[in-house]
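Peer 1: Show me how the following folds:
(one chain, ligands or ions: 1)
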Amino acid sequence: MQYSKKVIEHFRNPHNQGLIKNADAIGQVGNLSCGDIMKIYLKISENKKGEEIIKDIKFETLGCAAAISVSSALTVMAKGKTLVEAMEITKDQIVKNLGGLPPVKVHCSMLGVEALHQAIEKYNKSHN
Ligand code: FES
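Peer 2: Got it, this is the predicted structure:
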């Protein structure tokens, strides 16, 4: 299996790994077939326009190299975005950002998107 340079970089040196104490929202998803688990922590604040933005984001992933790289790339992409923009991040964008994933590993990118969207949905439910 061939990983892109960018996947290997993110795997070796993951960004935003860890947890946020007092997170405003947490999303957690698991993949039933491989057993991997991904957790996304969000800290939300308002920008000058009064829009809610992702001020800080961290991840904890018990999973394969692709899942860790996806989590790392996803947090970099989502940080600073409004919640509306972050909801629009797709698995295809993450795969593209990583310079591709081996076909057998593309499902791993779903975990990241699902965990992020779940955290935002939970936040929206508890604040609206
Ligand atoms: Fe399970 Fe990658 S093999 S997330």
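
Peer 1: Does the biggest helix by length in the chain reach the ligand?
Peer 2: Ranked by number of residues, the top helix in the chain under DSSP state H is helix 106-127. Yes: looking at helix 106-127 against the ligand by Cβ under 6 Å from any ligand atom, the contacts come from 108, 111. In this view, the C-beta of every residue, glycine as well, is placed from N, C-alpha and C.

Peer 1: if we look at that helix, which residues are touching it?
Peer 2: For helix 106-127, the external contacting residues (Cβ atoms under 8 Å, 6 or more residues apart in numbering) are 24-31, 36, 38-42, 44, 52, 59, 61, 63-64, 66-67, 70-71, 73-74, 78, 83, 86-87, 89-91, 94-95, 101.

Peer 1: Quick one, which of those are buried?
Peer 2: 24-31, 36, 38-42, 44, 52, 59, 61, 63-64, 66-67, 70-71, 73-74, 78, 83, 86-87, 89, 91, 94-95, 101 (16 or more other Cβ atoms under 10 Å).

Peer 1: doesn't residue 60 fall inside a helix?
Peer 2: No: secondary structure assignment (DSSP: H, G, I helix; E, B strand; the rest coil) places residue 60 in strand, not in a helix.

Peer 1: isn't it right up against residue 18?
Peer 2: Yes: in this structure, residue 60 is within contact of residue 18 by Cβ atoms under 8 Å, at 7.0 Å.

Peer 1: how about the CA coordinates for the longest helix of the chain, as PDB?
Peer 2: Extracted in PDB, the C-alpha atoms of helix 106-127 (Å, rounded to 0.1, in the frame of the first residue of the first chain):
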ATOM      1  CA  VAL A 106     -10.700   6.000   1.900                       C
ATOM      2  CA  HIS A 107     -13.400   4.900   4.400                       C
ATOM      3  CA  CYS A 108     -11.000   6.100   7.200                       C
ATOM      4  CA  SER A 109     -11.600   9.700   6.100                       C
ATOM      5  CA  MET A 110     -15.300   9.200   6.900                       C
ATOM      6  CA  LEU A 111     -14.500   8.900  10.600                       C
ATOM      7  CA  GLY A 112     -13.000  12.400  10.700                       C
ATOM      8  CA  VAL A 113     -15.900  14.100   8.900                       C
ATOM      9  CA  GLU A 114     -18.500  12.300  11.000                       C
ATOM     10  CA  ALA A 115     -16.800  13.100  14.300                       C
ATOM     11  CA  LEU A 116     -16.500  16.800  13.400                       C
ATOM     12  CA  HIS A 117     -20.100  17.100  12.200                       C
ATOM     13  CA  GLN A 118     -21.400  15.200  15.200                       C
ATOM     14  CA  ALA A 119     -19.500  17.600  17.600                       C
ATOM     15  CA  ILE A 120     -21.000  20.700  15.700                       C
ATOM     16  CA  GLU A 121     -24.500  19.300  15.700                       C
ATOM     17  CA  LYS A 122     -24.300  18.600  19.500                       C
ATOM     18  CA  TYR A 123     -23.000  22.100  20.000                       C
ATOM     19  CA  ASN A 124     -25.800  23.600  17.900                       C
ATOM     20  CA  LYS A 125     -28.500  21.500  19.700                       C
ATOM     21  CA  SER A 126     -27.300  22.600  23.200                       C
ATOM     22  CA  HIS A 127     -27.000  26.300  22.200                       C
END
